[in-house]
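Q: fold the following, please.
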Amino acid sequence: MSIGERLISLRKSKNLSQEQVADKLNVTRQTISKWETDQSMPDLDKIVPICELFGISIDELLSGNKSRKVEEKEEDQKTIRKKKSLGIGLGVLGYFIAIAWIMISILVMSLNPIVSSAIFLLICGLATFVIIYSSINYKIEHKERHENKVKSAIKEIAAIITCLIYFIISFITFAWHITWIIWVAYGLIEAIIDLIFQLKENENEE
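A: Have a look, this model is predicted:
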């Protein structure tokens, strides 16, 4: 792989355009294009800024050889991503189990609503704990990506819609003692959003 091809790969891994890279390195877009098509080589004074921008060593840029520490770090990040995805997935499963339990225990088994609700809350609490634990303990070194902004926007929209639905249904039915379950559904939706983006990130890395 030539230096130009490596520069293209590095730029795409950061989800940056040629214009954005040119702006960060204080060169023109045409210069970036020439580097990436191997029509010219980066000047010596640009080698270090390029390496800092993409988080690589000079040897990796020039030869394509990653240091052992970098390779080990990437493997560690892949392992962390898998563990985090598993944790969030188990948390989402926990929410589904909680919803299934509350429906079956009250409507089918006719158990005491207080007991059923207590178990329901316990399962939701455990599911929430698993998601929070996975998110905190399996931190990933995030790169600046457009997907993160999209995920945040989706979560904000989901929160607003959930809030509106909660108040509308609650004021219409006056069933405030029941409508709180809407927020459990929101927690489930948020966890699913995290899981989808986490799995997408894992796929992109591999």
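Q: the closest residue to Pro113 other than its chain neighbours in helix, strand or coil?
A: Among residues not flanking Pro113 along the chain, Ile106 sits closest, at 5.9 Å (C-beta to C-beta, 6 or more residues apart in numbering). In this view, the C-beta of every residue, glycine as well, is placed from N, C-alpha and C. Recorded secondary structure, Ile106: helix (DSSP: H, G, I helix; E, B strand; the rest coil).
Q: Glu5 now?
A: helix.
Q: one more: Leu16?
A: Leu16 is classified as coil under three-state DSSP.
Q: same check, this time on the one 4 residues further on
A: When classified by three-state DSSP, Gln20 comes out as helix.
Q: quick revisit: verify the stated contact: the residue nearest to Pro113 with Ser116.
A: Yes. The pair Ile106 and Ser116 passes the contact test of C-beta atoms under 8 Å, sitting 5.2 Å apart.
Q: who's more crowded, these two?
A: Ranked by neighbour count (other C-beta atoms under 10 Å), Ile106 and Ser116 place Ser116 first, with 19 against 16.
Q: list the contacts of the more buried one.
A: Taking C-beta atoms under 8 Å, 6 or more residues apart in numbering as the criterion, Ser116 is in contact with Trp101, Ile102, Ser105, Ile106.
Q: which secondary structure element contains it?
A: Under the criterion of DSSP states H and E, Ser116 resides in helix 113-137.
Q: which of the residues in that helix are buried?
A: For helix 113-137, burial by neighbour count (16 or more other C-beta atoms under 10 Å) applies to Ser116, Ser117, Phe120, Ile123, Cys124, Ala127, Thr128, Val130, Ile131, Ser134, Ser135.
Q: ok, then the element right after it?
A: helix 146-173.
Q: that following helix packs against which elements?
A: When contacts are defined as 3 or more C-beta pairs under 8 Å, 6 or more residues apart in numbering; DSSP states H and E, helix 146-173 packs onto helix 176-179, helix 181-205.
Q: out of those helices, which comes closest to Ile161?
A: For the helices and strands packed on helix 146-173, proximity to Ile161 was assessed by C-beta to C-beta; helix 181-205 is nearest, at 8.8 Å.
Q: check which helices and strands that closest one sits against.
A: helix 68-103, helix 113-137, helix 146-173.
Q: please repeat the previous calculation with a cut-off of 10 Å.
A: Applying 3 or more C-beta pairs under 10 Å, 6 or more residues apart in numbering; DSSP states H and E, one finds that helix 181-205 contacts helix 3-13, helix 68-103, helix 113-137, helix 146-173.
Q: with that, I have no additional questions.
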